[in-house]
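Colleague: okay, sequence plus prediction incoming.
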Amino acid sequence: MTRLLAELQTTVLARAIRLFDGDLDRVTIFAVITRDTYPFGTREGLAPTVSPHSLAMSLSRPYETVRRHVHALVDAGWCERGVDGVHASHAELRAPALAEFLTLVHDAAVRFVADMARAGVPMPEVGTVRPYHHAAGVQAAIDLMLAVVDTNRRTHRDWLELVLFSTIYAANSRLLNADRELSWHYADGRKEPPPALRRPVRTSAVARALGLPEATVRRRLVHLLADGRVERVGKKLLVSEAWLNRPESIATSVRSFSTVRLLLARLGVNGFPLHDPARAYLAGRPAPVAFD
């Protein structure tokens, strides 16, 4: 699950960070606004709004920081003001660039569920379900990513460190299958790649994949290397297996799994085909982010 969540986050953020000119805080705030105000069907004019105060509380961010980003999102046309707050601009959500991105977000969530099922994780049983709308998949993807942030608050100092850690982990877990395509699944059925086949990644490749300045990545990696979350293998980076197997890390994974199960159950109630996830793809299974 940790590997699949890392791949989900890397897939989404590799595109999102570029859309918002490298500003991860703005990505986060827009994601929450979109999750809470994404239009279902034709609910034009009835969009719920979210206030900067509630955004600051849900993200545990200073109110003034959130307010500044909300103003910038409104000024750029990404969001619009309502009576009690802001909502994602419905016109902007339909614009080609953002519509394509939200399709990617949706399909990355579908891939996550499909890979969880393929790995043998039992899907929650749900009762009466609503007709499925892809907005529920977009919201689920955002909730999954925010859940990872929430459960890792004590482990990583901020989201950027978590993003770097997850991206390195996603790169490390890539193996080449018989067709020489990147794959999360191992032909011999192992749950973990053999240590000799874990692939260290260069700092420059992490920076390129995320669209962040290499200097920024190197500066933030200092903390990950200092406390042992990440190790150097020559000039490359590898997430520490010892760190992943600490009791605190395992406890975080257990909490994450419980949250993921709840989110999957809610997705099922919203009509998502949990027992045949591939039916929900909009554009198809997203390719993994390249680390060349």
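Modeller: Nice, I can see it.

Colleague: CA only for contacts and neighbour counts going forward, please
Modeller: Will do.

Colleague: quick one, strands of the stretch 101-250 of the chain?
Modeller: 175-176, 182-183, 201-202, 230-233, 236-239 (DSSP state E, counting those that start in this stretch).

Colleague: leaving out chain neighbours, which residue sits closest to the residue of the chain most remote from its centre?
Modeller: Here the centre of the chain is the reference, and by Cα atoms, centre = their mean the most remote residue is V83, at 30.2 Å. Once flanking residues are discounted, V83 sits nearest to T49: 7.7 Å by Cα to Cα, 6 or more residues apart in numbering.

Colleague: could you do W78 as well?
Modeller: The nearest residue in space to W78 (Cα to Cα, 6+ apart) is S89, at 5.6 Å.

Colleague: can you check E7 too?
Modeller: A170 (5.5 Å).

Colleague: quick one, what contacts D115?
Modeller: L4 (Cα atoms under 8 Å, 6 or more residues apart in numbering).

Colleague: pLDDT below threshold where in this structure?
Modeller: By pLDDT under 70, the low-scoring segments of the chain are 40-47, 175-197.

Colleague: that one: helices as residue ranges?
Modeller: Secondary structure of the chain (DSSP state H): helices at 2-19, 24-37, 52-59, 63-75, 90-94, 96-118, 134-151, 159-172, 203-210, 214-226, 241-244, 247-269.

Colleague: can you tell which of those is closest to A290?
Modeller: helix 203-210 (6.6 Å; Cα to Cα).

Colleague: list the helices and strands the closest one packs on?
Modeller: helix 2-19, helix 159-172, helix 214-226 (3 or more Cα pairs under 8 Å, 6 or more residues apart in numbering; DSSP states H and E).

Colleague: buried ones in it?
Modeller: 203-207, 209-210 (16 or more other Cα atoms under 10 Å).

Colleague: format the helices and strands packed on helix 203-210 as JSON lines; extra columns: distance to G284 and mean neighbour count.
Modeller: As requested, the helices and strands packed on helix 203-210 are arranged in JSON lines below (distance: least, Cα to Cα, whole Å; neighbours: other Cα atoms under 10 Å):
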{"stretch": "helix 2-19", "distance to G284": "14", "mean neighbour count": "21"}
{"stretch": "helix 159-172", "distance to G284": "20", "mean neighbour count": "22"}
{"stretch": "helix 214-226", "distance to G284": "31", "mean neighbour count": "14"}
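
Colleague: out of those helices, which is closest to V254?
Modeller: Between the helices and strands packed on helix 203-210, helix 2-19 lies closest to V254; by Cα to Cα that is 10.2 Å.

Colleague: can you give me the angle the closest one makes with helix 24-37?
Modeller: Computed by axes from the mean of the first three to the mean of the last three Cα atoms, to 10 degrees, the angle separating helix 2-19 from helix 24-37 equals 100 degrees.

Colleague: for W159, which non-adjacent residue is spatially closest?
Modeller: V149 (6.6 Å).

Colleague: run a quick neighbour tally on the one you found.
Modeller: By other Cα atoms under 10 Å, 19 other residues sit near V149.

Colleague: number the chain from 22, please
Modeller: With the count now opening at 22, the last piece we talked about shows up as V170.

Colleague: follow-up on the earlier one: just flag the most distant two among the buried residues of helix 224-231.
Modeller: Applying Cα to Cα across the buried residues of helix 224-231, the maximum distance is between T224 and L231, 11.0 Å.

Colleague: then stretch 238-246 to PDB, C-alphas only?
Modeller: Extracted C-alpha coordinates of stretch 238-246, given in PDB (Å, rounded to 0.1, in the frame of the first residue of the first chain):
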ATOM      1  CA  VAL A 238      15.500  19.300  -3.700                       C
ATOM      2  CA  ARG A 239      19.200  19.100  -2.500                       C
ATOM      3  CA  ARG A 240      18.500  21.600   0.300                       C
ATOM      4  CA  ARG A 241      15.500  19.600   1.600                       C
ATOM      5  CA  LEU A 242      17.200  16.300   1.200                       C
ATOM      6  CA  VAL A 243      19.700  17.300   3.900                       C
ATOM      7  CA  HIS A 244      17.100  16.500   6.600                       C
ATOM      8  CA  LEU A 245      16.100  13.200   5.000                       C
ATOM      9  CA  LEU A 246      19.700  12.100   4.900                       C
END
